[in-house]
Structures are given as C-alpha cells and as structure tokens.
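K.L.:
Please find the sequence and the predicted model below.
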Amino acid sequence: VQLQASGGGLVQAGGSVTLSCAASGLTFGHYAMAWFRQPPGKARDVVAALSWNGGTVYYADSVKGRLTISRDNAKNTVYLQMNSLKLEDTAVYYCAASPYFDPPDWKYWGQGTQVTVSS
C-alpha cells in the first residue's frame, strides 16, 4: 500500500493551496481517509476525515470553514482544499487510510508534504 501526498509548498497568509493524496495497493473505496498535520515541535493531530463514500466528515475546530476534505474514488485520491491560510497552519501534512472512520489507529500513512505559511 502506498499513499503519496503532494501539493505542499510556501503560501502567503490568506492564500490557498490544495493537497492531494494518491492511493495504490488498496481498495480505495473501502477506506476512510484523513489528513493529519504536525506543526514544528508539536504532536501530529487529525485535521479532517472522510468516510469511504463521503457521507461522514470530521473537521478539527481550528480548521472548520477554511479546509475542505474531498475524495474521488475513481481516481483513488483524497484532497484537502486549504483556504484563508494562517501562520499556524504551517505543518507537515500527512494523509492516512483506515477501514473504519474513527479508528484508534489509522492503518496506512503517506510520507507527508510540507505546507509553510508566510506573513
């Protein structure tokens, strides 16, 4: 199983960026997907999660209204649209997959993509 995250980079505060995570080696439509982030010096934490069919979604309070998770099961890809970026959104962003929507541990992880928000 491989999860390949991409789309990070340097973005100005208030700007937008879209992350992508392409999955292979698993039946993508059977898995819930999530995005986590790890700011410098802090623990990794979930920011958004989406059920296999997109019917159930979760957002951390800190990103509600600014970040949108979506998926295209035909393309085996999950996205994270990030708008109105803030300095505190600077982090390494990871995608993860699980057979369950709210697992104690996500089964598969991508390698991470850096998002840096500048003032």
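P.N.:
Received it, and whenever you're ready, just let me know what you need. Numbering: from 1, shown residues only.
K.L.:
tell me which element Cys21 is part of?
P.N.:
strand 17-24 (DSSP states H and E).
K.L.:
Give me the residues contacting that strand.
P.N.:
Applying Cβ atoms under 8 Å, 6 or more residues apart in numbering, the external contacts of strand 17-24 come out as 1-9, 11, 31, 33, 35, 75-82, 85, 93, 95, 97, 108, 110, 113, 115. Any C-beta I mention is one placed from the backbone N, CA and C, and that applies to glycine too.
K.L.:
How about it, which residues are buried there?
P.N.:
With burial defined by 16 or more other Cβ atoms under 10 Å, the residues of strand 17-24 counted as buried are Val17, Leu19, Ser20, Cys21, Ala22, Ala23.
K.L.:
Give me the below-cutoff pLDDT ranges for this protein.
P.N.:
Applying pLDDT under 70 to the chain flags no residue at all.
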